[in-house]
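Novice: have a look at this fold, sequence not included:
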C-alpha cells in the first residue's frame, strides 16, 4: 500500500532526485495526492449515492472524476505548470457548479475552503494567491446570493441533505488537515535538506580551504624551485658568456666585423669561436660559427663540449687547417658522447674559416652550413659537406673538404647558423627561407659592421612579429 501511494504521489517525477523534488516539485506531489484522495472518495461515494437517490447524481460525479483525473495525465507528461493551473481552474468550476445543482443544506459550499487554501499554497506569487482567494470568495458570495432563487436540478429531501452535510464537513476538514500536514512535513524535509546542503557546503568549504592552503604551499615551493632553476640557468648563461670570445678581440684582429647573436632562450646551442694563431711567424685568425643539436640547456651542454674540443684541437694540438680541425672535432664529439656504443645522434653543424691576410687567402671547411662572401659586387656561396659533426656515422672514416678563396681584393664574408632562415613569420606565417636570407646578406654588404648588425636585428624582429622564436640565431660578418 505504501509503495502504491508513493507511486501515485510521484506521478511524472520518477526521473528526479529526492533533493530536486523537495526543492522544486513539492506542489506536484500535493496535487497528485489531493486528486487521488478526491477520486477515491468520489468513487466510494457512488454506491451510496445510487442506493439513496438512484442515478440522479451519478453523471455529475462521473464528470467530476473525469475532469480532475486530467490533472494526473498532465503531470504524467511532465506538464507541471499546466497541471497546477488547470487544477486551480477546474476546482473553482466544480465547486461553483455543485451548489447550483444541489439544493442548500448539503454543505457542499464548504469545499470552497480547501479550494481557496490550495490556491494560496500553490501559487508562488503571494499577490496571485491573495487574488485567487478573493476571486474564489467572490464566487461564493455570488452563489449564496442566487442559489435560493433558482430551480435546482436535483430535488433532494431534507433527510438526504441532512445526511450529506456531515460528509462534506468531514471531507473539508480532512482535505484542509492533510494540506496543512503535508506542507508542514514537506517544510521539515526542506529544512533538513537545507541543513544537509549547508553541512555539505561547510565541508566543501573546509576542503577547498585545505586544498587552497596546499596549493599555496605547492605554488610557494614551485616558485622557490623555479627561482632556483632560473638562478641556475642565469648562472649557466654567465658561464657560457664567459666562454665566448670577446667581440672586441675579434674586431681588433679582423677589422669591420660584427656578431649578431640572438639565442632563443637564456642559454644557447649556437656559439662562436675565435683564436689568433701564429703560422710561420705570421698572424692568422680562425673563426667559427657553430650550431649544436637543440637549444636551451641541452644545446648549451653541447656548445661547451664543442668549445672545449676546439680549444684542444687548435690551441693544444696545433691543428690549424679547417678541414683537419673538423675531422678531429667529429672524432672528439663521438668519443665524448660514446656514439659508437649508443644511439645518440647529437652533434653540431659548423662553418669554420682561417684568414691568412699575409698570404691573401681564406680557407674554409663546413659541416652542413655554407660560407657566404661577396667580391666585386658578386655574391658567392661555398657549400659545406652534407654531413654533421658527431652523430651517426656509416662510413669508415669521415673527412671534410678544404676550400681556398683568394682575398687579393676586398671580401665581405658571413658565417651563419640556420636559425634566421628557418624562422616563421610574415603575414602568411612562412619560413624566411634560404633565398631571401642570401638576398638580405647581399643587400647589407655595403653597410658598416654596426649597421649590418642593426639591419639584421630589425629584419628578424619584424619578420618574427609576435610569433615564437624557433631557434637560436647566429651570424658572424667581417670584411678583409
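Specialist: Here it is on my side, so go on. On a predicted model such as this, the values are computed, not experimentally measured, just so you know.
Novice: how about low-confidence regions in the stretch 1-150 of the chain?
Specialist: Residues of the stretch 1-150 of the chain meeting the criterion pLDDT under 70: 1-2, 5, 16-26, 45, 48-57, 95, 97-121, 124, 144, 146-150.
Novice: how about residue 353: what's its closest non-neighbour residue?
Specialist: Distances taken as C-beta to C-beta, 6 or more residues apart in numbering place residue 364 nearest to residue 353, at 4.8 Å, with adjacent residues excluded. For glycine as for every other residue, the C-beta is placed from the backbone atoms N, C-alpha and C.
Novice: that neighbour touches residue 351, doesn't it?
Specialist: Yes: using C-beta atoms under 8 Å, residue 364 makes contact with residue 351 at a distance of 7.4 Å.
Novice: show me which of these two is the more surrounded one.
Specialist: More crowded of residue 364 and residue 351, by other C-beta atoms under 10 Å: residue 351, with 29 against 23.
Novice: the more buried one: which element?
Specialist: Element membership for residue 351, per DSSP states H and E: strand 347-356.
Novice: what of residue 310?
Specialist: Assessed by DSSP H and E, residue 310 sits inside helix 296-310.
Novice: contact partners of stretch 471-479?
Specialist: For stretch 471-479, contacts defined as C-beta atoms under 8 Å, 6 or more residues apart in numbering pick out 250, 254-264, 268-272, 287, 289, 291, 295, 299, 410-420, 422-423, 449, 452-453, 456, 460.
Novice: strands of the stretch 201-350 of the chain, start to end?
Specialist: Assigned by DSSP state E, counting those that start in this stretch, the stretch 201-350 of the chain shows strands spanning 258-262, 270-279, 282-292, 347-356.
Novice: can you tell me how far residue 466 sits from residue 437?
Specialist: As for residue 466, its distance to residue 437 is 21 Å (criterion: C-beta to C-beta, to the nearest Å).
Novice: buried ones in stretch 373-383, by neighbour count?
Specialist: Neighbour-count burial for stretch 373-383 flags 373-375, 379, 382 (criterion: 16 or more other C-beta atoms under 10 Å).
Novice: run the chain-centre distance for it.
Specialist: Relative to the chain's own centre, stretch 373-383 is displaced by 52 Å; criterion: C-alpha atoms, centre = their mean, to the nearest Å.
Novice: next one: stretch 78-85
Specialist: Mean C-alpha position of stretch 78-85 versus that of the full chain (C-alpha atoms, centre = their mean) differs by 40 Å.
Novice: what residues sit buried inside it?
Specialist: Buried residues in stretch 78-85 (16+ other C-beta under 10 Å): 80, 83-84.
Novice: make TSV out of the residues you listed and add secondary structure and distance to residue 395.
Specialist: Below are the buried residues of stretch 78-85 laid out as TSV (DSSP: H, G, I helix; E, B strand; the rest coil; distance: C-beta to C-beta, whole Å):
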residue	secondary structure	distance to residue 395
80	helix	84
83	helix	89
84	helix	90
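Novice: tell me the one of the residues you listed nearest residue 356?
Specialist: residue 80 (97.7 Å; C-beta to C-beta).
Novice: mind listing the residues bridging to the nearest residue to residue 476 once chain neighbours are set aside?
Specialist: In space, and not counting its chain neighbours, residue 476 is closest to residue 415: 4.3 Å by C-beta to C-beta, 6+ apart. Beta-bridge pairing for residue 415 (DSSP bridges): residue 371, residue 476.
Novice: counting contacts, what elements does the helix or strand where the residue nearest to residue 353 lies pack onto?
Specialist: Using DSSP H and E, residue 364 sits in strand 361-367. Packed against strand 361-367 by the contact rule (3 or more C-beta pairs under 8 Å, 6 or more residues apart in numbering; DSSP states H and E) you find helix 322-336, strand 347-356, strand 403-406.
Novice: again, only using 10 Å
Specialist: The helices and strands touching strand 361-367, judged by 3 or more C-beta pairs under 10 Å, 6 or more residues apart in numbering; DSSP states H and E, are strand 282-292, helix 322-336, strand 347-356, strand 371-375, strand 378-382, strand 389-390, strand 403-406, strand 412-416.
Novice: which of these is buried the deepest?
Specialist: For the helices and strands packed on strand 361-367, the largest average neighbour count (mean count of other C-beta atoms under 10 Å) is found in strand 389-390, namely a mean of 28.
Novice: lowest mean pLDDT across the helices and strands packed on strand 361-367, which one is that?
Specialist: Comparing mean pLDDT across the helices and strands packed on strand 361-367, the weakest is strand 389-390, with a mean of 87.
Novice: now the buried residues of stretch 373-383 in CSV, with distance to residue 226?
Specialist: Putting the buried residues of stretch 373-383 into CSV (distance: C-beta to C-beta, whole Å) gives the following:
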residue, distance to residue 226
373, 45
374, 47
375, 51
379, 47
382, 45
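Novice: between the residues you listed, which is nearest residue 324?
Specialist: Distances from residue 324 to those, taken as C-beta to C-beta, are shortest for residue 382 (17.5 Å).
Novice: list the contacts for the nearest residue to the closest one once chain neighbours are set aside?
Specialist: Nearest residue to residue 382, sequence neighbours excluded (C-beta to C-beta, 6+ apart): residue 371, at 4.3 Å. Contacts for residue 371 (C-beta atoms under 10 Å, 6 or more residues apart in numbering) come out as 289, 351-353, 362, 364-365, 380-384, 403, 405, 413-416.
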